[in-house]
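*Asks:* just a sequence and a predicted model for now, questions to come.
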Amino acid sequence: MTITERPRADAILSDELLERFRGRAAGYDRTNTFFHEDFEELAALGYLAAPVPADLGGWDVSLAELGQLQRRLARYAPSTALATSMHFYWVGMSAELHRWGDPTRDWMLHDVAAGH
């Protein structure tokens, strides 16, 4: 699944999506379980590839914009935001290396853009 078009900023994490996440958040925390439903929705949206450069199939979201999105997500689903932040640590670092001309982590960006 290569991301071909970046959604509008207000549609990336819509109120409707975040309310669904909020409805599941307490259950994930109470049972200490992985956020499978949230993860699947974020993956289907293409959110997990947000910082991947557009030339590699992502949305080319800056780290500053990604931080804003993650703070918004955290207000509704803190555990989901924490876990996706761990994912974005590596994807964001790889994206920055690519932007600086270092292709050593491009394999990761290709994999993320492909939905892996």
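*Replies:* Everything's here; your move.

*Asks:* tell me the contacts of the residue nearest the centre of the chain?
*Replies:* Among the residues of the chain, the one closest to the centroid is Leu48, at 3.0 Å (C-alpha atoms, centre = their mean). Counting by C-beta atoms under 8 Å, 6 or more residues apart in numbering, Leu48 touches Leu42, Thr84, His87, Val91, Val112. Yep, even glycine has a C-beta here, placed from its N, CA and C like the rest.

*Asks:* next: Leu69.
*Replies:* Leu69 makes contacts with Ile12, Leu13, Tyr47, Ala50, Val61, as judged by C-beta under 8 Å, 6+ apart.

*Asks:* now do Ala9, the pLDDT please.
*Replies:* In this model, Ala9 is scored at 54, pLDDT.

*Asks:* what sits up against the helix or strand harbouring Ala26?
*Replies:* Taking DSSP states H and E as the definition, one finds Ala26 inside helix 15-31. Here helix 15-31 makes contact (C-beta under 8 Å, 6+ apart) with 33-35, 37-38, 41, 45, 72-73, 75-80.

*Asks:* show the buried residues in the contacts of Leu69.
*Replies:* By neighbour count, with 16 or more other C-beta atoms under 10 Å, these hold Ile12, Leu13, Tyr47, Ala50, Val61 as buried.

*Asks:* looking at the contacts of Leu48, which is nearest Gly57?
*Replies:* Closest approach to Gly57 among the contacts of Leu48 (C-beta to C-beta): Val112, at 8.5 Å.
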